[in-house]
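Colleague: show me how the following folds:
(one chain, ligands or ions: 1)
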Amino acid sequence: MLRYWTAGESHGKALIALVDGFPAGVTIDTDAIDVELRRRQGGYGRGGRQRIETDKVDIRTGIWKGATLGSPIALEVINRDYKLERLDDLSRPRPGHGDLTGAMKYLGSIRGVLERASARETAVRVAAGALAKQLLAEFDITVFGYVAELGGEVIEPVEGTLEELRAIRDKSEIYGLNLDRDAAIKELIDKTGKEGDTLGGVLEVRVEGVPFGLGTHAQWDTKLDGRLAQAVMAVQAIKGVEIGLGFEAARRPGSQVHDPIHYDKSRRKGPTLGYERPTNNAGGIEAGMTNGQPIVIRAAKKPISTLAKPLASVNIETKESEEASYERSDVCAVSAASVIIEAVVAFEVARALIDKFGGDSLMEMQARYKMFLEMAAEK
Ligand code: EPS
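Modeller: Residues are numbered from 1 along each chain as shown. Model (predicted):
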């Protein structure tokens, strides 16, 4: 089973992800992981921290001569802004952050909680996801995340192939799919920052080339939609997850929700097995299993809870009403969140791929994948 844990504090020495169950024989491109780390650091509206850090992954274990061994892989990202020992505690919890809940739960300090609750931790989740993406690429599965809404503004994607859209996203300072919208949205971010406020948004991730049958219908904790929702909801500041039509499916009659089934014999040897759908309202998943269509998942990110113009809070030492503490932060980290959601989705899809096709070695997985497609095409 593929899984990972992370360790590390925002201003501690380093962040670490321990990836277990990754198959042997996958050639790893470390630079490609660093590209994702750099993308996570970017996006318009980021704060001063990203000018200090130049995140790079150090693969400490599990690799020999550039390829995975099937043993645990430890990924490390060093914090250049290591200063944890010198930092003081806070006494005025920020509404929306883990400050108050964590300090009460652990009978401890706010600092001790915020350092781990911080989204800085997502750097190594992105590294783990980038590793997973390299496994998925061996099966021609691509994972593509972008910003669909920012601060209430919908960014309507332009039409184009995946390559064209990727080029647009990588050119966009907000990681959207419509460059004509960038200027107005950057202005909105600037204006919000000047007002001491922050912005959230909606991220969308599309996974293409996914074969039939990842996930199961048989047990709640192996249903792929449930696994994806958990992975996405567990990212800092995410408050909602939708698959395919999501909440909109609840508002329409069944005939306008479910995707009709067609058959195209010429495509029976591909991941769809020839079963084509004119629509993809299911977002590629039916009964917890992939149906050969792209997985489409959306996540709602709330605005960052550290406000330069702070909300009302209470000094937990004196119990007097005071404004919340303010520490250097970002006005908007929605673009970064699109990279993070892309990474956690990639990891879950890779996990489901390993569950179906075995996880000892890439070679065995590919042989079993091929055999499955052949058997299913004949069914
Ligand atoms: C982040 C690093 C942090 C914040 C942000 C995410 O840096 P610092 O706290 O040193 O300024 O910019 O953290 C939060 C949004 C948060 O709520 O803690 C990063 O690398 O993504």
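Colleague: contacting residues around the residue nearest to residue 125 when sequence neighbours are not counted?
Modeller: Spatial nearest neighbour of residue 125, excluding adjacent residues (Cβ to Cβ, 6 or more residues apart in numbering): residue 343 at 5.7 Å. Heads up, the C-betas are built off the backbone N, CA and C, glycines and all. By Cβ atoms under 8 Å, 6 or more residues apart in numbering, the contact set of residue 343 is 36, 122, 125, 126, 127, 128, 129, 130, 132, 133.
Colleague: helices - which of those land there?
Modeller: Among the contacts of residue 343, DSSP state H puts 36, 122, 125, 126, 127, 128, 129, 130, 132, 133 in helices.
Colleague: count of residues packed around the residue of the stretch 251-379 of the chain found nearest the ligand?
Modeller: For the stretch 251-379 of the chain and the ligand, the shortest gap (Cβ to the nearest ligand atom) falls at residue 328, measuring 4.3 Å. By other Cβ atoms under 10 Å, the residues close to residue 328 number 11.
Colleague: one more: residue 15?
Modeller: When neighbours are defined as other Cβ under 10 Å, residue 15 has 24 of them.
Colleague: try residue 178
Modeller: As a burial measure, residue 178 scores 18 neighbours (other Cβ under 10 Å).
Colleague: quickly note the distance from residue 10 to residue 231.
Modeller: Per Cβ to Cβ, to the nearest Å, residue 10 is found 21 Å from residue 231.
Colleague: in a markdown table, list the contacts of residue 343 along with pLDDT.
Modeller: Listed next are the contacts of residue 343 as a markdown table, based on pLDDT from 0 to 100:
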| residue | pLDDT |
| --- | --- |
| 36 | 98 |
| 122 | 98 |
| 125 | 98 |
| 126 | 98 |
| 127 | 98 |
| 128 | 98 |
| 129 | 98 |
| 130 | 98 |
| 132 | 98 |
| 133 | 98 |
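Colleague: what helix or strand is the residue nearest to residue 125 on?
Modeller: Here residue 343, judged by DSSP states H and E, is contained in helix 334-357.
Colleague: residues of that helix that come out buried?
Modeller: By 16 or more other Cβ atoms under 10 Å, the buried positions in helix 334-357 come out as 334-357.
Colleague: following it, which helix or strand comes up?
Modeller: Following helix 334-357 in sequence, per DSSP H and E, is helix 362-378.
Colleague: show me which positions of that next one end up buried.
Modeller: For helix 362-378, burial by neighbour count (16+ other Cβ under 10 Å) applies to 362, 365, 369, 372, 373, 376.
Colleague: how about the residues of the stretch 251-379 of the chain near the ligand?
Modeller: Contact residues, the stretch 251-379 of the chain versus the ligand (Cβ under 6 Å from any ligand atom): 304, 306, 327, 328, 329, 330, 333, 336.
Colleague: again, only this time at 5 Å
Modeller: For the stretch 251-379 of the chain, the contact set with the ligand under Cβ under 5 Å from any ligand atom comprises 304, 328, 330.
Colleague: report the lowest-confidence entry in the residues you listed.
Modeller: Among these, residue 328 has the lowest pLDDT, at 89.
Colleague: phi and psi next, for the closest residue to that residue other than its chain neighbours.
Modeller: For residue 328, ignoring the flanking residues on the chain, the nearest one in space by Cβ to Cβ, 6+ apart is residue 48 at 5.2 Å. The phi and psi torsions at residue 48 (degrees, to the nearest 10) take the values phi -60, psi -30.
Colleague: how far away is residue 48 from residue 81?
Modeller: As defined by Cβ to Cβ, residue 48 lies at a distance of 9 Å from residue 81.
Colleague: compare these two (neighbour count), which wins?
Modeller: Each of residue 48 and residue 81 has its neighbours counted (other Cβ under 10 Å); residue 81 has more, 15 against 10.
Colleague: where does the stretch 151-300 of the chain get nearest to the ligand, which residue?
Modeller: For the stretch 151-300 of the chain, Cβ to the nearest ligand atom, closest residue to the ligand: residue 236, 6.5 Å.
Colleague: what's near enough to touch that residue?
Modeller: Residue 236 neighbours (Cβ under 8 Å, 6+ apart): 117, 118, 119, 121, 122.
Colleague: surely the last one touches residue 235?
Modeller: Meaning residue 122. Yes - at 6.6 Å, residue 122 and residue 235 qualify as touching, with contact defined as Cβ atoms under 8 Å.
Colleague: pick out whichever of these two has more residues nearby.
Modeller: Under the criterion of other Cβ under 10 Å, the comparison of residue 122 against residue 235 puts residue 122 first, with 24 against 20.
Colleague: give me the spatial nearest neighbour of the more buried one, chain neighbours excluded.
Modeller: residue 340 (4.6 Å).
Colleague: now do residue 195
Modeller: Nearest to residue 195 is residue 309, by Cβ to Cβ, 6+ apart, at 6.8 Å.
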